[in-house]
Each structure stands twice: as C-alpha cells, then as structure tokens.
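> 3D model of this:
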Amino acid sequence: MVHHPPGRAQLIAYFEGKITDATTREAIEAYIAADTDPLLVQACMQTAWENIRETDVPRSTPADWDQFRMLAGIRTSRKRFLRPMLAAAATLLLLLSLSYIYFMRHKPAVTTPLAWQEITAGPRELRTVRLPDGSDLTLFPGSTVSYNNAYNKDARAIQLKGRAYFNVATVAGRPFTVSAGNYTTQVLGTSFEIFERPQRQELSVVLVSGKVRLLNAQQQVLSDLRPDQQITIHTDNARFNILPVAAEAMVAWTTGKLSYDQATLADVCRELEKWYGVNITIQRPALEKKRITADFEYLSLPAVLHILSETAGFSYTEKDHHIAVY
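This next block holds a predicted model:
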C-alpha cells in the first residue's frame, strides 16, 4: 500500500487507464473513495479527459464529458464526489478510460444531411454546367439536372428531367450514373445524350463516344451501347430497340443547331416549344404525323415556322406566344 497521497501525474495516468500495478491502483482507488481532495481529483480527471479526447476521440462533445464524469461517480454541480462503495469504484474506475475510449471510437459518425442542387435551363437557353469532378453537361431549354452534396465522394449520381448532353470525365472507382424516370445510364468516360419524353413514354440515349450501359428500375442490364448507336425505350411496356445513327448530327443542338431527319411534326413542335419558349397547338391530327427533314441554325421562330409551313403544308397564327397550326 502506498503511504503517501498519489500525485497529480499518478491520478491523471490512472484516469487514462495507464496504471498497471495492482497495489498502486488499490491505493489510488482508496484515496479517491476517501474523498480527501475532490477538487484535485476533479482537475486530474478533466486533464485525462482532454488527453483522451485529443488523441483518441476527436468527435467528442460537452455531453460526452458529462457522461464521462457521471460514469466516474462525479456530481455535475462541481461541489462534491458521490461516495460509491470502494469495490464498485475500483471496478468502474479501473476500466473507465479504456471502455470510454472504445465507446467514443465506435460512436456513430455524424452524417451530413443530403442537400440537393437543381439546375434548369430556361426557354431559349442552352445551359452548360461544369460538375465538381470536371465533367460537363449541356441542358436543352426547359430541362433540369440535380445532384447532391455526396456527388464525387464515392460515386457520381445525376438525376435528369428532359434532355441533356454529357461529356464525362474519367474518375477511377467513382461510377457516373444518370437517372431519368425509372432508367439509369451507367457511364465510363464518354460523351452521350439522354432524352426523356414523358408525354410519349419514351427515353432515348445516343452514344457519341466511349461506352454506356442501360439499367432498368431493378438495376438489371438492358444493353450496352457502342458509338453511333441509339437506344429507345418505351417506358410504358419496357420494350426497347437499338438503331445505328449519326450521333454527332443528333447532338448538334448543343451548338445551337436543330437538326431533324424524318421526325414527326408533333415531335418537332414539342422541341420548338422548349427552344423558343412558346406554346404550339396542332389543330389537325393528320399534320402531327407529317415527316420533317430540316436543319435550323440560329434562325428566328418566324423563319422556322415559315420553312415548316412550306415543307409540311400548313398555315399558322401567332398571338401572345401561342401558335396555332392548322
């Protein structure tokens, strides 16, 4: 038994779980139980806590210190120590530091809540976006992309509504995916377009370069695409087909050029609505299926309508951003 009171260094070492000699531990525990100098013991425990927190538990909080004090049998009012039975005190204080370090090391990390960033291209606006990983995308007018603050940590996930062209930077170990409706496009360093058309229950992907893989809502693989291929998925029945295309021509809209090859007048008018920020109504159903092959580059809406009317054989009126085709 130690015949003199333990010093400050011994008390601090005890609370840090560093006293291995059984006789010394018993003497210190007897000293603590005697309540001879509670302020000294309190100060030593505080120092031990600071040492533990700095080296082993950097995520500690004031509440953790309160719990540490309570586990040691200390009042929160700073006045006096509780007087637990010596046997209980010995068991508790002997294991206190090591067990609490273990607790704090396994304390769940505070998770940062997801915060979403949404970007929309307005009417008549081709909006180019640089993503945090260096990838670029161009939004067709009226389209929207969104991603959260976890982007580029373990993965790169984008959500799309509408139409966008992507030029994806290669980042090892961080897959790039784009979700549109119930379908996901999985990417490995590539350039491609996704075009979601809910009104037609269609989703199409055009691959310019690289490689993409299409997954359904169950994350089952539908198909891989090669450059200059287009997959069109009928979202109402999950059927799809793959066709060869001139991919560069199909994404020419990213440079301000609208290009159509045997597109229906209905589809052309839907794109013109978003491109020019107007409403177009086709009043004769037969006109909707008229096929259009044309290129429009930096033309005004009246000029485009004049060319279409001559090509498809229709008349039109315009009033307050509403165009009636008949």
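> Worst mean pLDDT across the helices and strands of the protein, which element?
Least confident helix or strand, the chain: helix 86-105 with a mean of 46, by mean pLDDT, DSSP states H and E.
> And the strands in the stretch 201-326 of the chain, which stretches?
Taking DSSP state E, counting those that start in this stretch, the strands of the stretch 201-326 of the chain run over residues 202-215, 221-225, 229-234, 239-244, 257-264, 279-282, 291-297, 316-319, 322-325.
> Neighbouring strands - and their directions - for the first one?
The reference is to strand 202-215. The strands that strand 202-215 pairs with in its sheet are strand 183-197 (antiparallel), strand 221-225 (antiparallel), strand 229-234 (antiparallel) (by DSSP bridges).
> buried sites along the shortest one?
Of the residues in strand 221-225, those scored as buried under the neighbour-count criterion (16 or more other CB atoms under 10 Å) are 222, 225. Backbone N, C-alpha and C define where each C-beta goes, glycine included.
> now do the last one
Within strand 229-234, the residues scored as buried using 16+ other CB under 10 Å are 229, 230, 231, 232, 233.
> With stretch 281-301 instead?
282, 287, 290, 292, 296, 301.
> show me the contacts for the fourth one.
When the contact criterion is CB atoms under 8 Å, 6 or more residues apart in numbering, the partners of residue 292 are 260, 262, 263, 264, 265, 268, 308, 311, 312.
> With residue 12 as the reference, name the closest of the strands paired with strand 202-215.
The stretch from the strands paired with strand 202-215 with the least distance to residue 12 (CB to CB) is strand 183-197; that distance is 55.7 Å.
> In the record's domain split, what are the boundaries for this structure?
8-105, 117-247, 256-326 (automatic domain parsing).
> Of the ones you listed, which shows the lowest average pLDDT?
Ranked by mean pLDDT, the domains of the chain end with domain 8-105 at the bottom, a mean of 63.
> element containing the nearest residue to residue 11 once chain neighbours are set aside?
Leaving aside its sequence neighbours, residue 11 sits nearest to residue 44 (CB to CB, 6 or more residues apart in numbering; 3.7 Å). Following DSSP states H and E, the helix or strand that holds residue 44 is helix 38-55.
> so what secondary structure elements neighbour that helix?
Applying 3 or more CB pairs under 8 Å, 6 or more residues apart in numbering; DSSP states H and E, we find helix 38-55 packed against helix 8-15, helix 62-71, helix 86-105.
> Please repeat the previous calculation with a cut-off of 6 Å.
With contacts defined as 3 or more CB pairs under 6 Å, 6 or more residues apart in numbering; DSSP states H and E, helix 38-55 has these neighbours: helix 8-15.
> Going C-terminal from the helix it packs on, what's the next secondary structure element?
Past helix 8-15, the next helix or strand by DSSP H and E is helix 22-34.
> Mind listing what's buried along that next one?
24, 27, 28, 29, 30, 31, 32, 33.
> Which neighbouring elements make contact with it?
Secondary elements touching helix 22-34 (3+ CB pairs under 6 Å, 6+ apart): helix 86-105.
> hmm, back to that, Serialize the strands paired with strand 202-215 to JSON lines and add fields for distance to residue 321.
Shown next, in JSON lines, are the strands paired with strand 202-215 (distance: least, CB to CB, whole Å):
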{"stretch": "strand 183-197", "distance to residue 321": "22"}
{"stretch": "strand 221-225", "distance to residue 321": "38"}
{"stretch": "strand 229-234", "distance to residue 321": "31"}
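> Quick check: which of those strands is nearest to residue 122?
Among the strands paired with strand 202-215, strand 183-197 comes nearest to residue 122, with 18.1 Å by CB to CB.
> Quick one: work out the angle between the closest one and strand 239-244.
Comparing the axes of strand 183-197 and strand 239-244 via axes from the mean of the first three to the mean of the last three CA atoms, to 10 degrees yields an angle of 80 degrees.
> Could you export strand 183-197 as CSV, CA atoms only?
Backbone C-alpha positions of strand 183-197 (Å, rounded to 0.1, in the frame of the first residue of the first chain) are rendered in CSV as follows:
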residue,chain,number,x,y,z
TYR,A,183,-34.0,4.0,-66.0
THR,A,184,-30.3,4.5,-65.3
THR,A,185,-27.5,5.1,-67.7
GLN,A,186,-24.1,3.9,-66.3
VAL,A,187,-21.1,5.6,-67.8
LEU,A,188,-17.4,5.0,-68.2
GLY,A,189,-15.7,8.2,-69.5
THR,A,190,-17.8,9.1,-72.5
SER,A,191,-20.0,11.5,-74.4
PHE,A,192,-23.6,10.9,-74.9
GLU,A,193,-27.1,12.3,-74.9
ILE,A,194,-30.2,11.4,-72.9
PHE,A,195,-33.6,12.5,-74.0
GLU,A,196,-36.6,11.8,-71.7
ARG,A,197,-40.0,12.3,-73.3
